[in-house]
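Undergrad: Sharing a model prediction with you, sequence too.
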Amino acid sequence: MVRQFEVERFYTREAALLDDRRFEEWLELFSEDTNYFMPIRRTRLAKELDREFTRRGEMAFFDDDKALMRARVDKLRTGRAWAEDPPSRTRRIVTNVDVVDVVDAGTELTVRSNFLLYRTRLDSEEDTWIGSRIDTLRPGGEPGVFRISARTILLEQTVLLARNLSNFF
Amino acid sequence: MVRQFEVERFYTREAALLDDRRFEEWLELFSEDTNYFMPIRRTRLAKELDREFTRRGEMAFFDDDKALMRARVDKLRTGRAWAEDPPSRTRRIVTNVDVVDVVDAGTELTVRSNFLLYRTRLDSEEDTWIGSRIDTLRPGGEPGVFRISARTILLEQTVLLARNLSNFF
Amino acid sequence: MVRQFEVERFYTREAALLDDRRFEEWLELFSEDTNYFMPIRRTRLAKELDREFTRRGEMAFFDDDKALMRARVDKLRTGRAWAEDPPSRTRRIVTNVDVVDVVDAGTELTVRSNFLLYRTRLDSEEDTWIGSRIDTLRPGGEPGVFRISARTILLEQTVLLARNLSNFF
Amino acid sequence: MAISRDDIDGFISLERGEVDRRIFSDDEIFELEMEQIFGRAWLFLCHESQIPDPGDFFQSVMGRDNVLVVRQHDGGVRAMLNTCPHRGNAVCRAEEGNARSFLCTYHGWSFGIDGTLKGVPGFKNFYGGELDKSEHGLPPVAQVTSYKGFVFGTHDPTAPPLEEYLGTTGRLGLDLLACRGDMEVVPGIQKFVLDCNWKFAVDNLFDWYHPQLTHASAFVPSVRRAMSGRVAAPSADAPLIDMSGVEQQDGSELELATAAISNTAFDNVVVIGEYGHAIGGPTAASRGNEELPPGWRAAAGVADVLGPAGKDVAGHPNIFPTSWITTTMQLSLRIPRTRSITEIWWFSFVPRELPPEFRKLVVRIQNHVFGPAGLLEQEDGENWNQSTLQTRGLASRRTKHHLLMGLGRGKVIKEHGLARIETLTNEHAQLWTYHAWAQWMKGLDWAELRAATTPPDVL
Amino acid sequence: MAISRDDIDGFISLERGEVDRRIFSDDEIFELEMEQIFGRAWLFLCHESQIPDPGDFFQSVMGRDNVLVVRQHDGGVRAMLNTCPHRGNAVCRAEEGNARSFLCTYHGWSFGIDGTLKGVPGFKNFYGGELDKSEHGLPPVAQVTSYKGFVFGTHDPTAPPLEEYLGTTGRLGLDLLACRGDMEVVPGIQKFVLDCNWKFAVDNLFDWYHPQLTHASAFVPSVRRAMSGRVAAPSADAPLIDMSGVEQQDGSELELATAAISNTAFDNVVVIGEYGHAIGGPTAASRGNEELPPGWRAAAGVADVLGPAGKDVAGHPNIFPTSWITTTMQLSLRIPRTRSITEIWWFSFVPRELPPEFRKLVVRIQNHVFGPAGLLEQEDGENWNQSTLQTRGLASRRTKHHLLMGLGRGKVIKEHGLARIETLTNEHAQLWTYHAWAQWMKGLDWAELRAATTPPDVL
Amino acid sequence: MAISRDDIDGFISLERGEVDRRIFSDDEIFELEMEQIFGRAWLFLCHESQIPDPGDFFQSVMGRDNVLVVRQHDGGVRAMLNTCPHRGNAVCRAEEGNARSFLCTYHGWSFGIDGTLKGVPGFKNFYGGELDKSEHGLPPVAQVTSYKGFVFGTHDPTAPPLEEYLGTTGRLGLDLLACRGDMEVVPGIQKFVLDCNWKFAVDNLFDWYHPQLTHASAFVPSVRRAMSGRVAAPSADAPLIDMSGVEQQDGSELELATAAISNTAFDNVVVIGEYGHAIGGPTAASRGNEELPPGWRAAAGVADVLGPAGKDVAGHPNIFPTSWITTTMQLSLRIPRTRSITEIWWFSFVPRELPPEFRKLVVRIQNHVFGPAGLLEQEDGENWNQSTLQTRGLASRRTKHHLLMGLGRGKVIKEHGLARIETLTNEHAQLWTYHAWAQWMKGLDWAELRAATTPPDVL
Ligand code: FES
Ligand code: FES
Ligand code: FES
Ligand SMILES: [Fe+3]
Ligand SMILES: [Fe+3]
Ligand SMILES: [Fe+3]
């Protein structure tokens, strides 16, 4: 129960960092060996659902190591990422947090959570992404401190109904 | 507070069973004498709001006993439920969980919760249902184990803005 | 952790009061000296983001003291608030509750939360507002009792994509 | 580019059983339908049992007009357009309820439940008492009439009276429901939105060919059990459909354990009538004892009402254009909203005299067969949506729809005032509906329309 | 099916006070409005106080064109289309702010704040220096002029000068705001979207008949208290509106405790002018001492500016087509987006010289009367939306809108360069607006248009 | 208001380098494009490697038609419309997969993977065995052909054969990808939706003028590092673009540290061909050793295939109308959905023979350069969306788009069967595409079209 509280608070604060555009601090929540992965989903027959998502090494929307994540943040900070100036506005609804597995004597947690990410741009553009994340969290030294050593983001859409993915999940 | 934690975890896991299409396991969360009810809502004048929802015995979108719920699951498993092949994709956001009542010395809890159910189908079909549930939960033998002995689902829509309700709430 | 539980429960019940149209009880959750503020947001260049929101004393969507909030509730209760008869239907999803600050030895908490407010009207009108709230909560005498002494509501939209704001946030 | 009569004749071929796909997706077609069909035909509005007391109202739809159907103080029923003659505001925004007056919330003109203008704020101060109130009531629907409690209206003051419009076919359609008892509507009209052209939903109501396939997943034991044996209880000697060569996506043969529609033999009877009404489906004999309530046809007087030809009809009537009467004692309206959006409304009926336990069973069946969560109807929308989508492609449009089942083999028997075809599962009623649709769309006058929709000798 | 001048004449009847509903919902009408009205009329863009310093800009809308209004280094104001002449990209995506240059983020052409093309990447390398920069600046708005700080623009280079376009009526409309002090805009333009045709929003601004009904819920003591007595403080001798026969849905008589608009007597004065400008509402005398700031009409020079006829006008001006000046010192733009979507922008003004406490009160009133959360405006959109919806039905369209209040009784007094009608609550200004709308839509030239919108002797 | 050939000629001026904005936003234009371009042109469907085994299928799009591309038992590839000839339902709702049969879920007609109608429920019972199955298969796409594994189809049975349609320019475009190895598609087609007119997305593929500006934020060290030096490794002697006068919004000069496209000198070569195919961008020499996989041009036989003129071409080919082949070994389809919605599909290729580590690097690049989350492509949609929006305003439309870079200075060298222009960064290929677009839109016959799109001597 304490763990649940701590993990939830961790996600709440992670979401706030992103909504507040504090990308560098957000980046620190990821381990150096992290993998940040959003596969492509495909509408397939029930009998072929095991091939619904692409796998690592195939095409993906995100398949980043820390260097790539850092590159994305640096890009946003150049002052020349025109698609983000005026900046888009985001709000994250994070729910259904579930510690589904504790591995290696508690040195790694597997956590599922659901999210709704709402983005507006300019006068009246709206995007909403809803999906689920499966994270591997490494508890840090202090209570309530974690490092994300792997994140898989599963969207519900196959054809992405948005112009770009210039934000983080 | 422990109860809140347990009830929330119960709902998180219930939602995961449905999103993962593990319908048989989900069915087990309901008592044999359960009632699963989604009334029809009607836009009425303020003075007639007591007749906003239909009642049991009148028309409804769902008014199922366990046998009917089981029939729905069996139907989905025939391999001939064409509307669900390719399967629709769902994601549930469950929040605002509130144990509003404890009856019969704790043998039954009345719990309200709000939900957002997002469904996508094929390339670009999207449906979103938002509403509220009022459940009667019977604590099982072990901590965190409940049986749903009644569920009332209240949608906010009167004319249902979706092609069908081939999923569970 | 107890505080988190209590604050979350407070928000859950606040949301239920509004969804249930128990406006007078909801009003009681606010202190007499409260300020209820929703600034206007403007799409601005990154370099001018400090002027994104209007400030108190400038134009706003809401900038109410308790008298004005009470006036709004009274207005809804006249039986002549035609825009609300038939009443609109609302459902609130409140998440990401974070006690970000404790001031004055615990006599005031600063709390952030995110929300999705869904409103339907008549047959098929739908509005969704997503945003964030920053509240100042004053713990009352008993555990779990708070008074809201200030609320700032930040929407993500600049041009408001709805016909009116005849509801509360 | 106006649509000519020749164009319309080219869309439908009774001889070849062909329907052009563009009628399902051209905006101009839809606009013309609003004018020629929904601006002229008698349309079902509601059932009188929904509005028993004076001031009871139900809001309905005619084309793009919103209509208030209101019980009057004298027991009659009127229907008015829900729009204020001052600036057009709706005077009622509830779906149903009871009103003593209709108050326009813009400037406060108020109307009696008969639509007459009663109060005008500032009538003396501002209008100087000069406004002729008798000229500014709620606009009445041109004609409103009930047939055995079913309220219909038409926007066309020159339309023939309802009974004449229905003719023997339409009246039989309604009698097949009305004769089952003293009917009342169960509270709660299921309403939902389908993304398909409305004609797919109408075509389908006659379609006794699709259930065994579309709804195959519903014909399983646990569904049967849950529905108390009312759906798809197979009899050992039920005939089997020839499924040779029919394969699933994985290449396996698709086997249907039984004729889907339980004891249904394939004996069908199709009734076609003037103005496009039709009834299609099994004979009463082949339905056996499955009807609701059991044995209703044997009740006193029923045979007289249905007549010698009608008493063996047990299929699905459509009151042209959009009112389907089901064998589950329901009436389903298919309301066109746009060329690709149709709203479905389900009205469910029970005889008042039904014992409570049996009433409960009937409602259980009505709740679980059709409607958006119905065990049967879930799959329908998926097909109609895809069918609608595939009418838009340039190349796809080159392929017509084919209604070839029984084509040219349907001898029309004209007896007892009805025109019927005795046959097996077929597509006659659909084809008749498309044919009538074309005649309506051509903008014929009422006499011409009647002549053009007089049943032929062979279909 | 092109719309002819005869069609347009048939839409509006000045004599019968009738307006055809199709003007609110036909796509072709909307397209023609974009061309004939929003492509030609002078349109309000912003107020100079919003852009005090060089490079300050405000993004505005003219028809479907996005326009940057920019303060120049020489203190002047220019307006340019927000579109790059290279491939059309917007060169600014903020609503307001300060810029030294406008950089197109596609290929990097950069423009001065006066719109001149200054930099072209690769001008030497790729263009060989041959591009004539003077020909490829941001396209200027054809004409831009300020009247007392209110910036207007027109797409039509042949349009008469702004002052002539405004005429005495339009100028009086703006003077009624400008004379109240040294005006500046309070930061924060409320913007929101209404699902109604824009003409309902314009019609309504003259509508002193609806507040007591539409906004009945706002005229309660706690609202009055909260607004510090500025709204609807009833006086004992305020006249009452005749409400006989007006009933609520439950049949109870609707009683209005008082004339809604506080001390308002019913004495109204309507001013109508060339090109369709109009002012409608109470006389200054009947408004009493409620105006903001109190006593402004007595200030030095004001009477001279307003003139002998204008000084008693206290109603709502509309600068044709879409700029409403309110008595709360606000300007509300009704921006047509589609035939059924209108965007509303609220500009709020305060005199710079106002003491801080009084300024606070003014802003409080401005924040709480109008706008989407305003205690008054909440209900308006609901009516306009429903009114718009009910213009689409075939049968509903057969019923015209009726503007009969005072019809034919409005003697037009032409004095001091103004054409005014002294009367009670009425619909003259609306009718004048619809009449002018029709003249604009007919595509007359400017001289013809002026002639066709010259006030008649009786309305 | 039908669009005449004269109208269309007026939209595009080869001489003045002007494009009329209405071609990006008029519904009628879009409808005509669906008919004249997407109803006639050869369109890329998929790559054979995506469907290696019999029954493997990929669902593609041709105009508004959904198309199933299926590997046959004999190893061939066929394409059929995904619509049942009975009532039009789709027979497959998956994006890709393997099927032994296509079962229509409406009434159960089932089709072989070659589209032949195999099973009809009730063929004997209901159809009396009379249905001619050979006439009711899935409608085949009129012509389907592969070129080196790239499958194309056309709806027009009279279209010239694919190789002739491609001509030397189109073939060179495909060869530039096909020659790099034994190509297979990496699993996972990125698909997303852009709110822009499709022609902006096509125009942009030739646009070597925008990267340094649009994508300026991607040319930073950490991106270079993260991409392993594959993107934008600047060389000290890379030429610099003249940026004089180019200022950012805050007035600061915009400095580009280097030519954005790493070692690219400005030496460009543009190839233009019949039917509108074109290739635009740097010469192989100026690209240096950056291509993927390194040194592929030197491999045996490649020079022979590319030919003496083609072997130095390293820009971006477009197979008219919508297939872009990138230097990252990807093919990007720009699928028009509405006049303002375009769907983008990214097919990514790797040579089968590539060592695993290098394959990994290629996929990493393909994942991170383009696509919705690509470090380059994120900004593109923003520009195209704004460019599309600014084509709707009445006044904005008066300003044409200007393609003046190199205009009139492009000497067309016709050698070795190719028509090429040797030049610097330019807009020739775009202009050629717009010119060809106009010829297609005029509805010329194939011979006329070929003649009208024969390269001129100067561009
Ligand atoms: S619109 Fe109904 S009273 Fe004016
Ligand atoms: S579109 Fe503006 S620089 Fe090219
Ligand atoms: S629509 Fe395909 S079988 Fe009938
Ligand atoms: Fe069905
Ligand atoms: Fe109002
Ligand atoms: Fe780009």
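TA: On my side now, so go ahead. Ligands and ions are numbered 1, 2, ... in the order given.
Undergrad: rest of the way, CA atoms for contacts and neighbours
TA: Fine.
Undergrad: So what does A:Trp26 look like in phi/psi?
TA: phi -60, psi -40 (degrees, to the nearest 10).
Undergrad: quick check, stretch A:37-56 touching chain D?
TA: No. Applying C-alpha under 8 Å from any C-alpha of the partner chain, one finds stretch A:37-56 separated from chain D by no less than 8.6 Å.
Undergrad: ok, and what's touching that stretch?
TA: A:59-64, A:150-158, B:85-87, B:122-123, F:93-97, F:187-190 (C-alpha atoms under 8 Å, 6 or more residues apart in numbering or on different chains).
Undergrad: Buried residues of that stretch, list them for me.
TA: Judged by neighbour count (16 or more other C-alpha atoms under 10 Å in any protein chain shown), stretch A:37-56 contains these buried residues: A:37-46, A:51-55.
Undergrad: how long is it from one end to the other?
TA: Using C-alpha to C-alpha, to the nearest Å, the end-to-end distance of stretch A:37-56 comes to 8 Å.
Undergrad: What is the burial count for residue 36?
TA: You didn't pick a chain, so chain A it is. 23 (other C-alpha atoms under 10 Å in any protein chain shown).
Undergrad: um, chain D though
TA: Other residues close to D:Gln36 by other C-alpha under 10 Å number 18.
Undergrad: Wait, it touches D:Trp446, no?
TA: No. Using C-alpha atoms under 8 Å, D:Gln36 is not in contact with D:Trp446, being 11.4 Å away.
Undergrad: Tell me the pLDDT of residue 122.
TA: Defaulting to chain A. pLDDT recorded at A:Leu122 is 92.
Undergrad: look at chain D instead
TA: We have a pLDDT of 95 for D:Gly122.
Undergrad: Which of the three states applies to it?
TA: At D:Gly122, secondary structure determined by DSSP: H, G, I helix; E, B strand; the rest coil is coil.
Undergrad: mind listing the strands for chain A?
TA: Secondary structure of chain A (DSSP state E): strands at A:36-39, A:60-64, A:89-103, A:108-121, A:125-139, A:146-155.
Undergrad: circling back to that earlier point, just the buried ones from the contacts of stretch A:37-56, in PyMOL syntax?
TA: Filtering those down to the buried ones (16+ other C-alpha under 10 Å) takes a single PyMOL command:
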select buried, (chain A and resi 59+60+61+62+63+64+150+151+152+153+154+155+156+157+158) or (chain B and resi 85+86+87+122+123) or (chain F and resi 93+94+95+96+97+187+188+189+190)
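Undergrad: Keep only the contacts of stretch A:37-56 that also lie close to chain C.
TA: Contacts with chain C within the contacts of stretch A:37-56, as defined by C-alpha under 8 Å from any C-alpha: none are present.
Undergrad: Is D:Gly406 within a helix or a strand, and which one?
TA: D:Gly406 belongs to no helix or strand when assigned by DSSP states H and E.
Undergrad: which residues touch the residue nearest to it when sequence neighbours are not counted?
TA: Counting by C-alpha to C-alpha, 6 or more residues apart in numbering or on different chains, D:Asn426 is the residue found nearest to D:Gly406 once chain neighbours are left out, at 5.5 Å. Counting by C-alpha under 8 Å, 6+ apart, D:Asn426 touches D:208-209, D:405-406, F:126.
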